[in-house]
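**Q** just to be clear, the model below is a prediction. Sequence and coordinates:
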Amino acid sequence: MTKRVKRQSSIQVLDRAMALIDALSRCQHNASLKELSLSTHLHRSTACRILEALHRHGYVDRVATGFYRLGTKARTVKNATTDIEVQAHNTLERVRDAVGETVSIARFNESHAIFTSCMSGGRVPLIDLAEGTAVPLHAAACGKLWLGECGVHAVNVYAARFGLAALTSATVTDVEKLLHETRRAHKRGYGREFDEVEQGYASIATLISDCNGPIAALSIHAPRARLDMRWITLLQAHAVLLTQQLCQKHAA
């Protein structure tokens, strides 16, 4: 086996392990092997083998034969990652009150932007963005900005692995166009999308960092006719303040 094949195999195992941990983190109960296998699309024997390895390292607890829950190490990581949602609450309120539209915090996995904290603006028509909503990176304003931060190679890998499915007629489905948009988003420091996730709606986004670099995004969502591009200055200013708060907290 070549070094390249070994490396790809190791990455695949890591991807599968993270998928199982993600599935467990979403469960409000002890999860069965069958349930985890179905939710991650892994063969039961593969899921069992990886879960047992995670159990040995403390990331998964085996609570009964064939049943699992997050282990101490995974819960520690999960609790640490909620810092930004806690810190961002006041920021979301201030931005929402300033623009009167729906605002959100999003995190990222290898294929989607996951909206982990959302506040509705209350204006009609109302954008009811549910927490936990996942949008493909190439369609979301924050996702295109994140891909731009990750670089050209990451964009090409994303497109090859996950494809560029159209959510609407405006969704970018061409790799070269996506590369252009992600470069432009990275250069100007914000992402935007018009009608790409849902017809008639738009969003703008900027990144939030901690002392190690970008970790999430702050976005405004509105009907296209109401989205004001001048809000970008407000959005970026609040993202900078939130970044400073997170860096100070980690340095303390």
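**A** Here it is on my side, so go on.
**Q** ends of stretch 35-44, how far apart?
**A** 9 Å (CA to CA, to the nearest Å).
**Q** mind giving me the domain ranges of the protein?
**A** Domains of the chain are assigned by automatic domain parsing as 3-78, 82-251.
**Q** now these as TSV including mean pLDDT?
**A** What follows is these, written out as TSV (pLDDT from 0 to 100):
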stretch	mean pLDDT
domain 3-78	79
domain 82-251	92
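**Q** give me whichever of these is most buried.
**A** Of the domains of the chain, the one with the most neighbours on average (mean count of other CB atoms under 10 Å) is domain 82-251, at a mean of 18. C-betas here are computed from N, CA, C, even on glycine.
**Q** the strand or helix carrying Thr206 - contacts with which helices or strands?
**A** Here Thr206 sits within strand 201-210, counting by DSSP states H and E. Packing contacts for strand 201-210, counted by 3 or more CB pairs under 8 Å, 6 or more residues apart in numbering; DSSP states H and E, involve helix 83-99, helix 141-150, strand 191-194, strand 213-223, helix 231-251.
**Q** a markdown table for those, including distance to Phe67?
**A** Output for these, formatted as a markdown table (distance: least, CB to CB, whole Å):
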| stretch | distance to Phe67 |
| --- | --- |
| helix 83-99 | 29 |
| helix 141-150 | 35 |
| strand 191-194 | 41 |
| strand 213-223 | 32 |
| helix 231-251 | 35 |
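**Q** and the end-to-end length of stretch 53-60?
**A** Note: stretch 53-60 ends 9 Å apart using CA to CA.
**Q** let me redo that: stretch 218-237
**A** 11 Å.
**Q** shouldn't Glu193 be in contact with Gln199?
**A** No: assessed by CB atoms under 8 Å, Glu193 is found out of contact with Gln199, at 11.7 Å.
**Q** that older thread, out of the helices and strands packed on strand 201-210, which comes closest to Ser37?
**A** helix 141-150 (28.6 Å; CB to CB).
**Q** which residues are in contact with that closest one?
**A** 106, 108, 112-113, 135-138, 154-155, 158, 172, 178, 181-187, 190-193, 202-207, 214, 217, 219 (CB atoms under 8 Å, 6 or more residues apart in numbering).
**Q** ok, now stretch 118-130?
**A** 92-93, 96, 99-105, 115, 131, 133, 201, 221-223, 226.
**Q** swap the cut-off to 6 Å and go again
**A** 92, 96, 100-104, 115, 131, 221 (CB atoms under 6 Å, 6 or more residues apart in numbering).
**Q** how far does that stretch stretch from start to finish?
**A** 7 Å.
**Q** and the helix or strand encompassing Val155, how far out from the chain's middle?
**A** Secondary structure assignment for Val155, by DSSP H and E: helix 152-162. How far helix 152-162 lies from its chain's middle: 16 Å, per CA atoms, centre = their mean, to the nearest Å.
**Q** on contacts alone, who are the packing partners of that helix?
**A** Using 3 or more CB pairs under 6 Å, 6 or more residues apart in numbering; DSSP states H and E, the elements in contact with helix 152-162 are helix 175-188.
**Q** CA atoms only for the helix it packs on, dumped as CSV, please.
**A** Extracted in CSV, the C-alpha atoms of helix 175-188 (Å, rounded to 0.1, in the frame of the first residue of the first chain):
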residue,chain,number,x,y,z
VAL,A,175,-16.5,25.3,-10.4
GLU,A,176,-14.8,28.2,-12.1
LYS,A,177,-17.6,30.6,-11.1
LEU,A,178,-17.5,29.3,-7.5
LEU,A,179,-13.7,29.8,-7.5
HIS,A,180,-14.2,33.4,-8.7
GLU,A,181,-16.9,34.1,-6.0
THR,A,182,-14.9,32.5,-3.2
ARG,A,183,-11.8,34.5,-4.1
ARG,A,184,-13.8,37.7,-4.3
ALA,A,185,-15.5,37.0,-1.0
HIS,A,186,-12.1,36.4,0.7
LYS,A,187,-10.6,39.6,-0.8
ARG,A,188,-13.5,41.9,0.3
